[in-house]
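Asks: here is a sequence with its predicted model. Questions after.
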Amino acid sequence: MKRKETFINDKRRVSYLAAIYNRIYRGQSVLIEGDYGVGKSRFLNLIQPQKLRGVRVETLFNIHELPASILQELNYDVKATYRRTPRHLKQICSLSGFFIVMDESNDLDRRAWPYLKRIIDAGVPIVFAGLPKVRTYLSSEHPDILSRLKTLVLYPIVVEDFILEYKDFEPEEIEQIYVHTRGDMRNFKEVCTDCWDKAKELNHS
């Protein structure tokens, strides 16, 4: 029994991927917005452009650690210090051939946004993902940054798509799990994984 490691590429997600590739290849940035459990993190894993290297950044880092971590992911030997932060920022803005991924952008230190604006303006694309409150915050505090981002709203995958993908489940079972988890994709996957484990344990199909 083979478990599925990725979520379904429904039509909306396919179109979103195309829009993201068009943006980042032009050096422009994107905000992926969605509620808890819609699959933002898994969707980010689908973004794998052939011509750009993806650099993931931990949004819980301190302000001086953010630029240093980007350079470290690009194999530069740098140390995260407040004194070197301006130099690191300038170095990032001079580079090309990569894009930055920031999941859980709602956790970013508010002081980080002006730094990120400099990076965006330098033509280094950033793909943000976060809760709706990220757009609310930017609209209030940094409308100039929000105007530089294309906002894509991610919705839960509908039950019909799950039925097509999880073919080793009966359609009625998928519907019951979907209703039980209220469309929360993270919870849905956990329940399906539990079902697969139990079926394997009982030697059932």
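Replies: Received, thanks. Numbering: from 1, shown residues only.
Asks: need phi/psi at the residue nearest to Thr85 when sequence neighbours are not counted.
Replies: With CB to CB, 6 or more residues apart in numbering as the criterion, Thr85 has its nearest non-adjacent residue at 4.7 Å, and that residue is His64. All C-beta spots, glycine's among them, are computed from the backbone N, C-alpha and C. Dihedral pair for His64: phi -80, psi -20, per degrees, to the nearest 10.
Asks: surely His64 touches Lys79?
Replies: No: at 9.8 Å, His64 does not count as touching Lys79 under the criterion of CB atoms under 8 Å.
Asks: looking at these two, which is more packed in?
Replies: His64 (17 against 11; other CB atoms under 10 Å).
Asks: surely Glu141 and Arg110 touch.
Replies: Yes: if you go by CB under 8 Å, Glu141 and Arg110 touch, sitting 7.4 Å apart.
Asks: distance of Val191 from Arg182?
Replies: Plainly put, Val191 is 11 Å away from Arg182 if you go by CB to CB, to the nearest Å.
Asks: which strand or helix spans the residue nearest the centre of the chain?
Replies: Residue closest to the mean C-alpha point of the chain, counted by CA atoms, centre = their mean, is Leu44 at 3.6 Å. In this assignment (DSSP states H and E), Leu44 forms part of helix 40-45.
Asks: ok, then the element right after that helix?
Replies: strand 53-56.
Asks: return the distance of that following strand from the chain's centre.
Replies: 11 Å (CA atoms, centre = their mean, to the nearest Å).
Asks: can you give me the helices in the protein?
Replies: 11-25, 40-45, 65-73, 85-93, 112-121, 132-141, 143-146, 159-165, 171-181, 185-201 (DSSP state H).
Asks: not counting its neighbours along the chain, what's nearest Val78?
Replies: That would be Leu71: by CB to CB, 6+ apart, it lies 4.8 Å from Val78.
Asks: for Thr85, see how far away that neighbour is.
Replies: Relative to Thr85, and taking CB to CB, Leu71 is found at 11 Å.
Asks: joint contacts of those two?
Replies: The overlap between the contact sets of Leu71 and Thr85 (CB atoms under 8 Å, 6 or more residues apart in numbering) is empty.
Asks: does Tyr16 really touch Phe43, like I thought?
Replies: Yes: using CB under 8 Å, Tyr16 is in contact with Phe43, at 7.5 Å.
Asks: mutual contacts of the two, please.
Replies: In contact with both Tyr16 and Phe43: Ile32, Leu154, using CB under 8 Å, 6+ apart.
Asks: how does this protein divide into domains?
Replies: 11-153, 159-202 (the TED database).
Asks: in terms of mean pLDDT, which of these ranks lowest?
Replies: The weakest mean pLDDT among the domains of the chain belongs to domain 159-202, with a mean of 78.
Asks: starting at the chain centroid, how far to it?
Replies: For domain 159-202 - counting by CA atoms, centre = their mean - the centre lies 23 Å from the chain centre.
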